[in-house]
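*Asks:* for reference, the sequence and a predicted model appear below.
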Amino acid sequence: MNGAESLIRTAIAAGVEVCFANPGTTEMAMVAALDSTDGLRPILGLFEGVCTGAADGYGRMAEKPALTLVHLGPGFANGIANLHNARRARSPIVNLIGDHATHHVGHDAPLTSDIVSLATPVSGWVRSVVSSESLAGTTADAIAAAGRAPGQIATLIIPSDCQWDPVERHAAPVEPTAPPVVSSDAIKLAAESIRKGNKVAFFLGGTALRARGLKAVARIAAKSGCHLICETFPARLERGAGMPALDRLPYFPEQAMEALKPFDTIVIAGAKKPVAFFGYPDYPSQLIPEGVNTAILADPTDDVPAALEALASEMGAPVSIATPSKVSRPERPVGKLDAMTAGAAIAATMPEGAIVMDEAATTGLPFLAASGSAPPHTYLSLTGGAIGQGLPCATGAAVACPDRRVIAYQADGSGMYTIQALWTQARESLNVTTVLCNNHSYRILQVELARAGVTEPGRKARSLTSLSNPNIEWTSLARGLGVPAVRVETAEALTLELERSLATPGPTLIEMIL
């Protein structure tokens with residue numbers, strides 16, 4: 001057995017099942033090692049950003065790490081944007097980065113780079129392997145570090161000779177560290193704040209938005225009458241009939257501040273204090289208005305569901321409550337395709353248990369209102385703001401949950417960043433329906449220009465926000481990557497094609513002309 005084989009066997013023993021890979025020369029020993037034992041599924045991505053984004057989607061849904069396998073520093077750099085998003089989502093991921101052999105790295109070959117400096121900003125744990133004998137044990141440590149709830153990114157840098165040199169054994173799994181338990185003092189302080197407040201809101205994020213956390217916070221709301229608000233871009237949110245209704249904090253700062261203005265008390269669980277996505281003239285960075293009593297119940301890395309359950313008990317909340325469980329879909333939309341009719345069409349057709357990855361940007365907002373009482377489903381969003389997350393994240397979610405239909409609600413501009421994900425969906429026969437919003441523009445940038453006072457942008461400014469001249473032929477691109485595709489121009493046609501796609505195994509792309 002060599003080092004690479006010990007790594008693969010260690011990963012399998014720790015319960016890792018998937019490796020999203022775009023390897024190169026320095027990873028050939030690991031490529032060969034994948035054939036040495038069963039239990040680890042390799043999935044090829046044609047771009048490293050697809051691999052890292054897919055590992056993010058997989059981690060969010062499987063709640064355990066996948067591996068990524070990439071080639072040296074430049075290959076890893078190609079995947080950093082979606083690791084930035086995954087870090088914000090607190091997704092469990094283990095990156096394997098091949099490096100030059102230890103005897104060669106000092107010669108400054110063309111692909112030599114400072115991998116540690118590249119990895120550190122997007123990783124919670126980084127190690128460089130120094131020998132084949134240490135590789136298996138360090139791999140077990142990396143998997144445990146990534147699996148520490150709610151999840152983080154662990155990056156392992158592996159010189160090629162550490163992969164091919166012989167070793168005697170693989171390593172046993174290491175148990176991940178349990179998340180910190182919230183103190184009884186913090187629970188009592190939050191309960192006191194709720195009792196004293198006249199108008200109270202919960203600001204929720206992270207694992208508070210999974211089923212267990214939402215059931216607990218629904219009990220608290222039933223007892224106290226508090227209002228429920230979630231992060232603008234939640235990593236994973238359980239929604240639909242049977243789940244408590246939440247408002248999503250608006251994206252633009254003036255709207256977010258207006259939404260928080262009515263409350264004198266805000267309790268935060270599983271999220272950080274909300275801040276504006278960008279700095280704007282005449283608007284503060286902190287979105288909670290001055291003078292509002294803010295109580296921190298649980299940080300994102302704490303055991304948030306347990307803290308919410310303890311708070312419910314502290315407040316004498318009912319043990320269980322009846323949440324509206326009747327499915328109510330919007331009527332099938334008719335007429336022109338726009339943000340309202342597109343969102344209604346998806347909500348009217350989506351099956352129970354669907355996973356919706358929303359990177360539709362300006363077109364996506366009405367979907368949340370339309371789907372509040374739709375069949376139970378999971379909602380994923382663009383956590384870190386680095387566009388190009390949608391298609392890869394949907395890909396990984398489909399790998400994690402092969403029995404559930406994934407809907408990638410996707411903007412055209414961000415979709416072009418990682419369009420290679422469609423090829424992986426086709427190759428792996430993944431159940432992904434991509435609903436592509438084609439407005440031939442970076443519409444959000446046009447909105448931001450107007451907000452900056454540029455109501456009549458000039459030729460140069462228009463050229464930097466337009467995706468026309470030439471128009472991108474999405475159906476042709478999708479078919480060229482192996483995904484059946486169709487173009488629709490009316491709400492009726494979109495609904496029919498959604499029904500057809502959602503009932504058909506494998507991937508499909510529906511291009512909406514807006």
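*Replies:* Now that the structure is in, tell me what you want to look at.

*Asks:* can you give me the end-to-end span of stretch 99-115?
*Replies:* Distance between the two ends of stretch 99-115: 8 Å, counting by CA to CA, to the nearest Å.

*Asks:* so which bits of that stretch are buried?
*Replies:* Asp99, His100, Thr102, Leu111, Thr112, Ser113, Ile115 (16 or more other CB atoms under 10 Å). C-beta: built from backbone N, CA, C; applies to glycine.

*Asks:* residues contacting it, please?
*Replies:* With contact meaning CB atoms under 8 Å, 6 or more residues apart in numbering, stretch 99-115 is reached by 26, 71-74, 76-77, 97, 128, 130, 157-162.

*Asks:* what average pLDDT does that stretch get?
*Replies:* For stretch 99-115, mean pLDDT is 96.

*Asks:* now do stretch 279-298
*Replies:* Stretch 279-298 carries an average pLDDT of 94.

*Asks:* do I have it right that Tyr417 meets Gly388?
*Replies:* Yes. In this structure, Tyr417 is within contact of Gly388 by CB atoms under 8 Å, at 2.9 Å.

*Asks:* what's the overlap in contacts for those two?
*Replies:* With CB under 8 Å, 6+ apart, Tyr417 and Gly388 have common neighbours Gly49, Ala81.

*Asks:* what comes up buried for the lowest-mean-pLDDT helix or strand in the chain?
*Replies:* One helix or strand of the chain scores below all others by mean pLDDT, DSSP states H and E: helix 443-451, with a mean of 88. Neighbour counts over helix 443-451 (16+ other CB under 10 Å) mark Arg443, Ile444, Leu445, Gln446, Leu449 as buried.

*Asks:* contact partners of that helix?
*Replies:* Phe252, Tyr280, Ala361, Thr362, Thr363, Ala411, Gly413, Pro457, Ala461, Leu464, Thr465.

*Asks:* can I get these in TSV with secondary structure, neighbour count and distance to Val50?
*Replies:* Shown next, in TSV, are the contacts of helix 443-451 (DSSP: H, G, I helix; E, B strand; the rest coil; neighbours: other CB atoms under 10 Å; distance: CB to CB, whole Å):
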residue	secondary structure	neighbour count	distance to Val50
Phe252	coil	17	30
Tyr280	coil	15	33
Ala361	helix	25	19
Thr362	helix	18	24
Thr363	helix	25	23
Ala411	strand	26	17
Gly413	helix	23	17
Pro457	coil	17	33
Ala461	helix	14	31
Leu464	coil	11	26
Thr465	coil	17	26
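
*Asks:* out of those, who's nearest Ala342?
*Replies:* Ala342 lies nearest to Thr363 out of the contacts of helix 443-451, by CB to CB, at 6.2 Å.

*Asks:* quick one: list the elements packing against whichever strand or helix holds Pro42.
*Replies:* In the assignment (DSSP states H and E), Pro42 maps to strand 41-44. With contacts taken as 3 or more CB pairs under 8 Å, 6 or more residues apart in numbering; DSSP states H and E, strand 41-44 sits against strand 18-22, helix 421-427.

*Asks:* now the ones you listed as CSV including mean neighbour count and distance to Thr349?
*Replies:* Converted to CSV, the helices and strands packed on strand 41-44 look like this (neighbours: other CB atoms under 10 Å; distance: least, CB to CB, whole Å):
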stretch, mean neighbour count, distance to Thr349
strand 18-22, 24, 29
helix 421-427, 25, 20
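
*Asks:* could I get those as a markdown table with mean pLDDT?
*Replies:* A markdown table is the format used below for the helices and strands packed on strand 41-44 (pLDDT from 0 to 100):
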| stretch | mean pLDDT |
| --- | --- |
| strand 18-22 | 98 |
| helix 421-427 | 98 |
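
*Asks:* now these as JSON lines including distance to Met512?
*Replies:* Below are the helices and strands packed on strand 41-44 laid out as JSON lines (distance: least, CB to CB, whole Å):
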{"stretch": "strand 18-22", "distance to Met512": "28"}
{"stretch": "helix 421-427", "distance to Met512": "16"}
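
*Asks:* wait, which of the ones you listed is closest to Leu308?
*Replies:* strand 18-22 (30.8 Å).

*Asks:* pLDDT (mean, whole number) over the host helix or strand of Ile266?
*Replies:* Using DSSP H and E, Ile266 falls within strand 265-269. For strand 265-269, mean pLDDT rounds to 98.

*Asks:* and the very next helix or strand once past it, what's buried?
*Replies:* The C-terminal neighbour of strand 265-269 among helices and strands, as given by DSSP H and E, is strand 293-298. The neighbour-count check on strand 293-298 (16+ other CB under 10 Å) flags Ala295, Ile296, Leu297, Ala298 as buried.

*Asks:* tell me the mean pLDDT over the following helix or strand past strand 293-298?
*Replies:* Toward the C-terminus, strand 293-298 is succeeded by helix 304-314 as the next helix or strand (DSSP H and E). In this model, helix 304-314 has a mean pLDDT of 98.

*Asks:* from the contact counts, what lies against helix 304-314?
*Replies:* If contacts are counted by 3+ CB pairs under 8 Å, 6+ apart, helix 304-314 sits against helix 184-196, helix 211-224, strand 265-269, strand 293-298.

*Asks:* and the second one, what's buried?
*Replies:* Right, the one you point to is helix 211-224. Gly213, Leu214, Lys215, Ala216, Val217, Ala218, Arg219, Ile220, Ala221, Ala222, Lys223, Ser224.

*Asks:* okay, those in TSV with pLDDT and distance to Trp423 next?
*Replies:* As requested, these are exported to TSV (pLDDT from 0 to 100; distance: CB to CB, whole Å):
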residue	pLDDT	distance to Trp423
Gly213	97	36
Leu214	97	36
Lys215	96	39
Ala216	97	42
Val217	97	41
Ala218	96	42
Arg219	96	46
Ile220	97	46
Ala221	96	45
Ala222	95	48
Lys223	96	51
Ser224	96	50
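
*Asks:* quick check, nearest of the residues you listed to Ser371?
*Replies:* Using CB to CB, the buried residues of helix 211-224 come closest to Ser371 at Leu214, 15.6 Å.

*Asks:* surely that closest one and Glu238 touch.
*Replies:* Yes. Shown here, Leu214 and Glu238 form a contact pair, counting by CB under 8 Å, at 6.0 Å.

*Asks:* just the angle between the helix or strand just after the strand holding Pro42 and strand 18-22, please?
*Replies:* For strand 41-44, the following helix or strand on the C-terminal side (DSSP H and E) is helix 48-62. Interaxial angle, helix 48-62 versus strand 18-22 (axes from the mean of the first three to the mean of the last three CA atoms, to 10 degrees): 170 degrees.

*Asks:* returning to that earlier point: among the buried residues of stretch 99-115, name the ones in strands.
*Replies:* Asp99 (DSSP state E).

*Asks:* so what sits opposite His227 in the bridge?
*Replies:* Counting by DSSP bridges, His227 forms beta bridges with Ala201.

*Asks:* pLDDT value on it, please?
*Replies:* For His227, the pLDDT comes out at 97.

*Asks:* neighbours of it, how many?
*Replies:* Neighbours of His227 under the rule other CB atoms under 10 Å: 19.

*Asks:* how about Gly106, phi and psi?
*Replies:* For Gly106, the backbone dihedrals are phi -80, psi 0 (criterion: degrees, to the nearest 10).

*Asks:* and it, how far is that from Leu72?
*Replies:* As judged by CB to CB, to the nearest Å, Gly106 and Leu72 stand 15 Å apart.

*Asks:* and Glu473, by the same measure?
*Replies:* Counting by CB to CB - Glu473 and Leu72 are separated by 34 Å.

*Asks:* compare neighbour counts for those two and give me the winner.
*Replies:* Leu72 (24 against 14).

*Asks:* so what's that one up against?
*Replies:* Applying CB under 8 Å, 6+ apart, the residues contacting Leu72 are Gly24, Thr26, Ile97, Gly98, Asp99, His100, Leu111, Thr112, Ser113, Ile115.
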